[in-house]
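Undergrad: Sequence first, then the predicted structure:
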Amino acid sequence: MMMEKRDDHLFETKSAKGRSLFHLYGVSMFVSTCMIFVYRVSYFEERYWVYWMGLFLSEIWFTWYFFLILVIRWNPIYRYTFKHKLSLRYGEDLPGIDIFVCTADPVIEPPIMVMNTVLSVMAYNYPTQKLSVYLSDDGGSDLTFYAMLEASKFAKIWLPFCRKFKVEPRSPQTNFHTPPLDHHHHQWQSIKKSYEEMKHRIETATELGQISEEIRRKHKGFHEWDSVSSRHDHQTILQILIDGKDCEAVDIEGQPLPTLVYLAREKRPQFHHNFKAGAMNALIRVSSRISNGKIILNVDCDMYSNNSDAVRDALCFFMDEEQSHNVAYVQYPQSFCNPTKNDIYSNNLSVLQEVELAGLDSNGGPFSIGTGCFHRRDTLCGKKYSQECNKPDWKCCANDTKIEESREVLEDTCKILASCTYEENTLWGKEMGLMYGCLVEDIITGYRIQCRGWRSTHFNTERKAFVGLAPTTLLQSLVQHKRWSEGHLQIFLSEYCPYLYGRKKIPLKLQLGYSLYSFWTVNCFATLYYISVPSLCLLRGIALFPKISSIWIVPFAYAFFANRAYSLGEFLWVGGTIKGWWHDQRMWVFKRTTRTTSYLFGFTDNILRLLGFSKSAFVITAKVAEEDVSQRFEQEVMEFGVSSPMFTVLATLALLNLFSFIGGLKRVVLDMQNEVLDLFAAQIILCGLVVLINLPVYQGLFFRKDLGKMPSSVTYRSIVFALLACTIAAY
Ligand SMILES: O=c1ccn([C@@H]2O[C@H](COP(=O)(O)OP(=O)(O)O[C@H]3O[C@H](CO)[C@@H](O)[C@H](O)[C@H]3O)[C@@H](O)[C@H]2O)c(=O)[nH]1
Ligand SMILES: [Mn+2]
């Protein structure tokens with residue numbers, strides 16, 4: 001009986017293997033850190049108590065942080081779906097899916113890219129009458145609208161082609177990159193040709209920056225732009241480009257097309273638009289009127305669907321009779337197609353996504369990280385979990401509202417839902433939809449859903465479900481990370497702090513998991529201390545670590561090297577390279593040390609924000625780069641180029657360590673009794689490693705001639721700062 005039941009499931013869960021080895025490693029790390037504490041207390045150097053206390057506090061901090069890392073990794077789980085059973089059981093009786101694609105700027109998010117994303121999700125292997133795709137354009141651009149119009153036409157040949165030959169991936173641009181298998185070569189050629197022509201039309205318009213009269217005449221929708229004064233000040237623009245209920249909306253084979261809607265919500269200077277969260281909430285309301293799909297999928301405009309079965313896979317988690325009752329959202333990892341082999345800016349985040357999210361899954365459910373997340377509509381709108389009403393009627397038709405309105409009337413009624421004033425005095429942004437006021441709107445929204453009693457699921461497939469673009473310069477990478485870590489800190493400092501608000505609502509393990517990311521920021525102080533003070537003390541001749549001949553060096557060495565070895569192993573396990581790991585270590589240092597600059601500003605920012613004086617801003621990540629910039633990116637040459645306080649900090653620290661390292665070596669050479677080496681070996685090694693990891697910074701400062709080198713203003717400033725610090729330290 002039991003066996004039979006299990007056979008029925010639409011998905012299964014497996015624990016990761018080899019956990020006992022990991023647990024052993026965890027315990028051994030704890031033993032060694034305890035010994036470090038014993039050493040710090042019993043050999044406390046009173047003369048230099050300031051330096052010692054600092055190090056001691058940093059070490060305590062690292063241990064706490066390591067504990068959180070252990071909690072997250074204790075028992076990762078992995079999910080497997082049986083989607084053939086889904087088809088067997090439900091046939092075509094599947095819920096409606098509303099797919100939300102967000103874009104915000106036609107310049108940094110080119111319309112052609114947005115169009116590819118939209119086409120890739122329109123082409124899901126799913127009953128087309130039950131698919132609706134909504135594009136939210138915060139850029140309010142007729143260029144993007146034009147691209148959607150073209151997409152609605154191209155879909156008529158693209159969808160049948162995908163269906164017939166089961167092509168993957170279904171983003172035309174990527175698909176046409178690789179030559180096809182023989183059997184559909186001819187058709188491929190002809191479709192590719194029409195794609196290229198369309199691409200040319202869109203790109204010409206984009207370059208011109210405006211839509212020609214000839215095109216404008218083709219669709220009434222362009223008239224909406226007659227009254228648009230700027231992207232920050234316009235009425236709601238809403239056009240149903242394909243109405244799935246219209247029986248004339250069919251592809252060249254006569255099959256129905258998915259609904260396609262273009263929306264630019266109303267923007268007025270006096271109303272705050274709440275960035276992506278605001279866009280998503282407008283979409284939730286508009287879509288509820290048009291298609292009202294029970295499942296909502298969000299994708300960023302740069303994340304095309306790479307696996308046409310992703311919807312069916314996700315449904316396995318929502319539609320299992322026994323295990324699905326409390327699943328609110330299913331999160332796929334975000335994969336990226338542009339990082340180079342050794343991922344110089346460590347953008348892949350594979351460890352975070354494949355190890356940590358899987359670990360969080362067993363602790364109560366992974367975060368919602370925005371793009372690639374399938375939500376149950378009602379949980380996204382604030383529904384609480386309860387035992388009784390936990391079995392939704394999935395079989396019920398998708399468009400159960402069945403509004404018999406003409407397209408025009410429907411468009412007009414929906415416009416009100418996307419107006420600036422609609423949300424006034426409502427719970428939108430507070431209890432309903434995505435939450436406002438947080439830089440990581442997706443994380444806090446998912447967290448609030450979990451606090452209402454729901455859980456979530458992490459799911460990863462061999463063939464990546466979503467593939468997007470990662471930042472291509474150092475500064476962008478750092479700025480993106482800044483947004484994320486500030487967002488996480490914001491949650492921690494807000495009334496929703498996981499330790500307080502989350503108590504009794506989510507498991508302790510999950511509270512700790514959330515806090516790990518909030519502490520990214522606090523980490524920067526300990527890291528900064530650890531990579532600057534021991535080096536300066538080396539210059540001055542103050543030993544802060546045990547002698548290399550002493551037994552006490554063992555726990556230090558073990559804690560450091562075992563930890564790094566583990567991180568290397570994990571990195572390789574998720575498919576990274578050794579060089580990639582080295583780059584990851586560098587970015588780890590860079591992210592943490594540059595955080596301090598933003599914290600000199602950012603911390604005050606956060607305080608001001610808490611007091612209500614300033615609003616946080618969402619800095620959109622660029623998706624296109626200049627020719628020479630992308631060339632250097634391909635060659636894995638680090639990009640500095642612009643003058644930023646972040647770079648000044650990086651360069652100052654790099655130089656400071658270089659000077660200290662040289663100073664330390666000088667000491668060793670001048671010393672006849674070999675005592676210095678014994679005393680300072682640990683500090684010299686630490687300092688040497690920092691120098692090693694900073695090699696690209698020295699190159700950028702002194703040896704490069706290209707435009708991506710460190711600007712001279714940064715060079716001068718950092719030399720002055722580093723010399724100043726070293727002089728103070730030495731005398
Ligand atoms: O006012 C805005 C700003 C942004 N976006 C869209 O939000 C998405 C994410 O923006 P991006 O600049 O690409 O940020 P990333 O750091 O790459 O995004 C990650 O981090 C965000 C939270 O910080 C999440 O919302 C995303 O899903 C997640 O992929 C893009 O599609 C934008 O078009 C809007 O719709 N309106
Ligand atoms: Mn992005």
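TA: Structure's in. What do you need? Just so we're clear, the structure is a prediction, and the values are computed from it rather than from any experiment. Ligands and ions are numbered 1, 2, ... in the order given.
Undergrad: pLDDT of stretch 39-53, averaged?
TA: Across stretch 39-53, pLDDT averages out at 90.
Undergrad: Going by neighbour count, which residues of that stretch are buried?
TA: Applying a neighbour-count criterion of 16 or more other CB atoms under 10 Å, the buried positions in stretch 39-53 are 39-40, 48, 51-52. Bear in mind the C-beta positions are built from the backbone N, C-alpha and C, glycine included.
Undergrad: Kindly check the end-to-end length of that stretch for me.
TA: The first residue of stretch 39-53 is 13 Å away from its last residue (CA to CA, to the nearest Å).
Undergrad: how far out from the middle of the chain is that stretch?
TA: Taking CA atoms, centre = their mean, to the nearest Å, one finds the center of stretch 39-53 at 41 Å from the center of the full chain.
Undergrad: Just say helix, strand or coil for Met115.
TA: Following DSSP: H, G, I helix; E, B strand; the rest coil, Met115 is assigned to helix.
Undergrad: Which strand or helix spans the residue lying closest to it once chain neighbours are set aside?
TA: Counting by CB to CB, 6 or more residues apart in numbering, the nearest residue to Met115 once its immediate chain neighbours are dropped is Ala147, at 4.2 Å. Secondary structure assignment for Ala147, by DSSP states H and E: helix 142-165.
Undergrad: average pLDDT across that helix?
TA: 94.
Undergrad: buried ones in that helix?
TA: Using 16+ other CB under 10 Å as the test for burial, helix 142-165 gives 142-152, 154-163.
Undergrad: Compute the distance between the residue of the chain found nearest ligand 1 and Val440, please.
TA: The shortest separation between the chain and ligand 1 is 2.1 Å, found at Gly370 (distances taken as CB to the nearest ligand atom). Taking CB to CB, to the nearest Å as the measure, Gly370 and Val440 are separated by 8 Å.
Undergrad: The two - which one has more neighbours?
TA: When Gly370 is set against Val440 and neighbours are counted by other CB atoms under 10 Å, the residue ahead is Val440, at 26 against 22.
Undergrad: tally of neighbours for the residue nearest to the more buried one when sequence neighbours are not counted?
TA: Closest residue to Val440 in three dimensions, ignoring its sequence neighbours and counting by CB to CB, 6+ apart: Gly487, at 3.2 Å. Applying the criterion other CB under 10 Å, we find 21 residues in the vicinity of Gly487.
Undergrad: can you tell me which residues contact the residue in the stretch 151-300 of the chain positioned nearest to ligand 2?
TA: Nearest residue of the stretch 151-300 of the chain to ligand 2 (CB to the ion) works out as Asp300 at 4.9 Å. Contact partners of Asp300, counting by CB atoms under 8 Å, 6 or more residues apart in numbering, are 101-102, 117, 370-371, 468.
Undergrad: For it, give the beta-bridge partners.
TA: Cys102 (DSSP bridges).
Undergrad: which SS state does the residue of the chain closest to ligand 1 fall under?
TA: Classification of Gly370 using three-state DSSP returns coil.
Undergrad: Distance check, the closest residue to it other than its chain neighbours against Gly433.
TA: Using CB to CB, 6+ apart and skipping the chain neighbours, the partner closest in space to Gly370 is Asp442 (3.8 Å). Asp442 sits 12 Å away from Gly433, taking CB to CB as the criterion.
Undergrad: go on, Ile443?
TA: 15 Å.
Undergrad: I'd like the distance between the residue sitting nearest the centre point of the chain and Phe154.
TA: Among the residues of the chain, the smallest C-alpha distance to the mean C-alpha position (CA atoms, centre = their mean) belongs to Ile369, namely 6.0 Å. Using CB to CB, Ile369 is found at 30 Å from Phe154.
Undergrad: Residues of the stretch 401-550 of the chain that sit close to ligand 1?
TA: 439-440, 442, 480, 483-484 (CB under 6 Å from any ligand atom).
Undergrad: out of these, which are inside helices?
TA: 442, 480, 483-484 (DSSP state H).
Undergrad: quick one on the thing from earlier: quick check: the residue nearest to Val440 touching Met435?
TA: No - between Gly487 and Met435 no contact is recorded; they are 11.2 Å apart, counting by CB atoms under 8 Å.
Undergrad: Common neighbours of these two, please.
TA: Listed as contacting both Gly487 and Met435 by CB under 8 Å, 6+ apart are Ile444.
Undergrad: tally of neighbours for the residue of the stretch 601-731 of the chain at minimum distance from ligand 2?
TA: Of the residues in the stretch 601-731 of the chain, the one nearest ligand 2 is Thr621, at a distance of 4.8 Å by CB to the ion. The burial count assigned to Thr621 is 19, neighbours taken as other CB under 10 Å.
Undergrad: Contact partners for it?
TA: With CB under 8 Å, 6+ apart, Thr621 has these contacts: 108, 471, 476, 479-480.
Undergrad: mind putting those in a markdown table, pLDDT, distance to Ile295 and neighbour count included?
TA: As requested, those are arranged in a markdown table below (pLDDT from 0 to 100; distance: CB to CB, whole Å; neighbours: other CB atoms under 10 Å):
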| residue | pLDDT | distance to Ile295 | neighbour count |
| --- | --- | --- | --- |
| Ile108 | 92 | 30 | 14 |
| Pro471 | 91 | 30 | 23 |
| Gln476 | 90 | 32 | 18 |
| Val479 | 88 | 33 | 19 |
| Gln480 | 89 | 28 | 18 |
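Undergrad: Out of those, flag the one nearest to Ser15.
TA: Distance to Ser15 across the contacts of Thr621 (CB to CB) is lowest for Gln480, with 32.6 Å.
Undergrad: thinking that closest one is in contact with Pro471, fair?
TA: Yes - here Gln480 lies in contact with Pro471, judged by CB under 8 Å, at a distance of 5.6 Å.
Undergrad: who touches both of Asp442 and Gly433?
TA: Taking CB under 8 Å, 6+ apart as the criterion, Asp442 and Gly433 do not both touch any residue.
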